[in-house]
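Undergrad: Sequence first, predicted model second:
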Amino acid sequence: MRDVRGRLRGPAAILGVPVLVAAGLGLPAGAGRAAAAGPRPAESIPAYDVVLTIGRDAVLRVRETITYDFDSGGEHGIARRVPYRRGDRLYDLRGVRASSSTGAPARPRTLRLLNDVQITVGGEGRRVTGRQAYVIEYAVAGAFTRRGDRDELAWDAIGRSWDVPIGEVAVRVQAHVPLRKVSCHAGTPEVYTRCLRDRDGPYAIGFTQRGLRPREGVLVKVRLPKGAVNVPPPRYARPRWAGTWAGTAVLALALAVAAAVARRPPPGRRAARLLFTAGALTVLVDVADDAIPRGPWAFSLGDLTVTAAGLAVVGAAVVQVRRDRRPLPGGG
């Protein structure tokens, strides 16, 4: 067997060279270089540094330094989502600023979504590649909650909306009062782990965490003695059903009109169209009263809206009834 292997080794090597050459010629251009270089690098966040400063006025001032590594295709920038609503509880996000130490476009734009404010940092006319550093600054009011003899803050330092892995997160919490009860957990609400703690002093505490997967966050909880900060009363969204005297009166009028239309011949189409237009405009006014100052999702369904919708429905029904009663062509 040893002699056979020796005799076959030479011919196999000779025949293997043309085979490899032919296979190489059959590959598409650049395929060999791609295989040698490995898979295309994906986007990631190598470093994410956050400083949370608690003021005497209970306003949380946030400074985030995000080192983002774009792939070779590049992007126009990054998007960070910050919550302004949890259930019916409302926060006040203000003073949004952004910059870049690497010279990338860093104009901030905000868009209020269902429960978050999306902060987009970048420029629409320029794509960036490689590793870029962004700094986002903003303040959050109304995040503290009074609980008996203490005031509590629960804040996700990076959020759970990032769809890329994060190499290392560093969070620093600082205040004008001693910080004795501060905790940090990384991951998801279902699966989480304690962050590594590095106590700098009585007024500042640092945490670090490595290897976060997409959609994982870093939840920081702070407990302060009552009176350490001036916590204002919490602000809640208006209930989805809010009755008013004006709405009740218009509702009674709409019911009377509906009863009259049901017993008597319907009014003219012009009056019905006016009824429909008045109802539709009232709905728009009631919606705008909530949506313009506080965003589209702050709208609450009140009896004024329901009544106006009822008027619009009555008007539309009358128009349809008169259209159905229109004589057919030819007198049939």
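TA: Yep, that arrived.

Undergrad: ranges for the strands of the stretch 101-250 of the chain?
TA: All strands of the stretch 101-250 of the chain, identified by DSSP state E, counting those that start in this stretch, fall at 107-112, 116-122, 131-141, 144-147, 150-156, 166-175, 181-187, 192-194, 196-201, 204-212, 217-225, 235-236, 241-242.

Undergrad: Secondary structure of residue 318: a helix, I assume?
TA: Yes - per DSSP: H, G, I helix; E, B strand; the rest coil, residue 318 lies within a helix segment.

Undergrad: how long is stretch 89-107 end to end?
TA: Taking Cα to Cα, to the nearest Å, the first and last residues of stretch 89-107 lie 29 Å apart.

Undergrad: now swap in stretch 135-154 and tell me
TA: Start-to-end, stretch 135-154 (Cα to Cα) is 22 Å.

Undergrad: repeat for stretch 232-249
TA: End-to-end distance (Cα to Cα), stretch 232-249: 36 Å.

Undergrad: possible to save the strands of the stretch 101-250 of the chain as a markdown table with distance to residue 97?
TA: Bear in mind the C-beta positions are built from the backbone N, C-alpha and C, glycine included. Converted to a markdown table, the strands of the stretch 101-250 of the chain look like this (distance: least, Cβ to Cβ, whole Å):
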| stretch | distance to residue 97 |
| --- | --- |
| strand 107-112 | 7 |
| strand 116-122 | 10 |
| strand 131-141 | 5 |
| strand 144-147 | 23 |
| strand 150-156 | 19 |
| strand 166-175 | 19 |
| strand 181-187 | 25 |
| strand 192-194 | 31 |
| strand 196-201 | 25 |
| strand 204-212 | 22 |
| strand 217-225 | 22 |
| strand 235-236 | 23 |
| strand 241-242 | 36 |
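
Undergrad: Let's have those in TSV, adding mean pLDDT, mean neighbour count and distance to residue 71.
TA: Formatted as TSV, the strands of the stretch 101-250 of the chain follow (pLDDT from 0 to 100; neighbours: other Cβ atoms under 10 Å; distance: least, Cβ to Cβ, whole Å):
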stretch	mean pLDDT	mean neighbour count	distance to residue 71
strand 107-112	94	14	22
strand 116-122	94	20	15
strand 131-141	97	19	11
strand 144-147	92	16	40
strand 150-156	95	18	26
strand 166-175	97	20	15
strand 181-187	95	19	25
strand 192-194	93	13	29
strand 196-201	81	12	29
strand 204-212	96	18	19
strand 217-225	96	20	23
strand 235-236	86	12	41
strand 241-242	58	13	49
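
Undergrad: of all these, which lies closest to residue 59?
TA: With respect to residue 59, and counting by Cβ to Cβ, the nearest of the strands of the stretch 101-250 of the chain is strand 131-141 at 4.9 Å.

Undergrad: got the angle between that closest one and strand 116-122?
TA: Angle of strand 131-141 versus strand 116-122, following axes from the mean of the first three to the mean of the last three Cα atoms, to 10 degrees, is 150 degrees.

Undergrad: any idea how far strand 131-141 is from the chain center?
TA: 15 Å (Cα atoms, centre = their mean, to the nearest Å).

Undergrad: before we move on, back to that, residue 85 is nearest to which of the strands of the stretch 101-250 of the chain?
TA: Closest among the strands of the stretch 101-250 of the chain, using Cβ to Cβ: strand 116-122, at 7.9 Å.

Undergrad: Name the strands paired with that closest one and say parallel or antiparallel.
TA: strand 77-83 (antiparallel), strand 107-112 (antiparallel) (DSSP bridges).

Undergrad: out of those, nearest to residue 222?
TA: Between the strands paired with strand 116-122, strand 77-83 lies closest to residue 222; by Cβ to Cβ that is 16.5 Å.
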